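In: Show me how the following folds:
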Amino acid sequence: MNNLAVEAVGLTRQFDKKLAVDNLHLQVAEGEFFGFLGPNGAGKSTTINMLVGLLRPTEGTARIDGIDIWQNPLQAKKRLGVLPEGMQLYQRLSAREFIRFSGTMYGLEKGVVETRAEELLALLDLSDDADKMIVDYSHGMRKKTALAAAIIHAPRVLFLDEPFEGIDAISGRAIRDVLRQLRQQGTTIFFSSHILELVERLCTRMAVIANGRLVAQGSIEELRHQAQTGDNSSLEDIFLKAVGASDRLAEERGLSWLK
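Out: Numbering: from 1, shown residues only. Okay, here's the model as predicted:
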């Protein structure tokens with residue numbers, strides 16, 4: 001494998017008596033578009049929070065670009081950007097103010113911040129509304145604002161947790177265009193989503209987590225082999241087989257009271 005952009009070694013997180021993530025080993029090479037899949041409650045967001053330094057693991061190590069994020073948090077966090085599922089934005093700022101604030105916090109020079117902010121606003125179709133307060137934005141506009149703030153410093157690794165959830169086709173296309181440009185510049189993208197068709201189309205490799213444990217990892221062809229599905233099976237078929245849901249769904253033919 002090429003140089004590693006993201007590495008988890010024995011990553012574990014326990015909440016009281018619940019083991020949310022169990023001894024997870026994960027490697028993502030530089031430049032990959034890596035999909036991270038799992039059912040609700042499988043441990044995806046907990047894993048991402050540990051990888052980006054928002055949640056301290058009970059055990060194990062998380063490295064970004066070879067840097068332990070808990071031993072050298074500032075150096076590691078300079079190299080990453082994060083678009084979390086639950087966006088925490090300063091809603092009494094405008095998009096322009098928030099994006100510029102983010103660039104300043106990453107240590108960019110004032111001229112660089114202003115230039116990049118305007119380019120991002122234009123690319124994400126936010127220029128006309130850039131001076132409105134975020135509190136008055138739609139969900140899709142907030143998501144695009146959060147993405148702009150996450151990438152203004154040109155991160156080496158970008159973590160996306162459900163970036164397309166609840167947005168329209170126009171906003172979705174704008175986000176995909178930005179991600180394509182980032183990939184062309186060598187950014188590694190760590191992408192968690194429930195939209196399996198999108199993951200299959202965008203990602204070069206992926207991993208599946210269930211009940212806190214990694215159950216499959218590799219390219220789509222490698223996942224088909226691991227799950228022992230057919231050569232033409234979709235990612236949905238592979239996913240259901242990997243998490244042990246296919247047999248259960250086959251037995252559940254419908255609601256008894258609707259038969």
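In: name the helices or strands packed onto the helix or strand encompassing A76?
Out: Secondary-structure assignment from DSSP states H and E places A76 in helix 73-77. When contacts are defined as 3 or more C-beta pairs under 8 Å, 6 or more residues apart in numbering; DSSP states H and E, helix 73-77 packs onto strand 59-64, strand 67-68. Yep, even glycine has a C-beta here, placed from its N, CA and C like the rest.
In: Can you name the next helix or strand after that helix?
Out: Next helix or strand after helix 73-77 toward the C-terminus (DSSP H and E): strand 80-83.
In: Would you mind listing the buried residues in that following strand?
Out: Of all the residues in strand 80-83, those buried under the rule 16 or more other C-beta atoms under 10 Å are L80, G81, V82, L83.
In: Would you mind pulling up the elements that it packs against?
Out: If contacts are counted by 3+ C-beta pairs under 8 Å, 6+ apart, strand 80-83 sits against helix 139-151, strand 157-161.
In: Of all these, which one is nearest Q27?
Out: Nearest to Q27 among the helices and strands packed on strand 80-83 is strand 157-161; the distance by C-beta to C-beta comes to 12.9 Å.
In: what lines up beside the closest one in the sheet?
Out: Partners of strand 157-161 in the sheet, by DSSP bridges, are strand 80-83 (parallel), strand 188-192 (parallel).
In: what comes into contact with the longest one?
Out: Spelled out, that is strand 188-192. With contacts defined as C-beta atoms under 8 Å, 6 or more residues apart in numbering, strand 188-192 is touched by 5-6, 28-37, 44-45, 48, 51, 85, 156-163, 179, 182-183, 199, 202-203.
In: Alpha carbons of the helix or strand following that strand, as PDB, please.
Out: Toward the C-terminus, strand 188-192 is succeeded by helix 196-202 as the next helix or strand (DSSP H and E). Listed next in PDB are the C-alpha coordinates belonging to helix 196-202 (Å, rounded to 0.1, in the frame of the first residue of the first chain):
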ATOM      1  CA  LEU A 196     -24.800   3.000  -1.200                       C
ATOM      2  CA  GLU A 197     -25.200   3.800  -4.900                       C
ATOM      3  CA  LEU A 198     -23.200   6.900  -4.400                       C
ATOM      4  CA  VAL A 199     -20.500   5.100  -2.400                       C
ATOM      5  CA  GLU A 200     -20.200   2.500  -5.200                       C
ATOM      6  CA  ARG A 201     -19.800   5.200  -7.800                       C
ATOM      7  CA  LEU A 202     -17.400   7.400  -6.000                       C
END
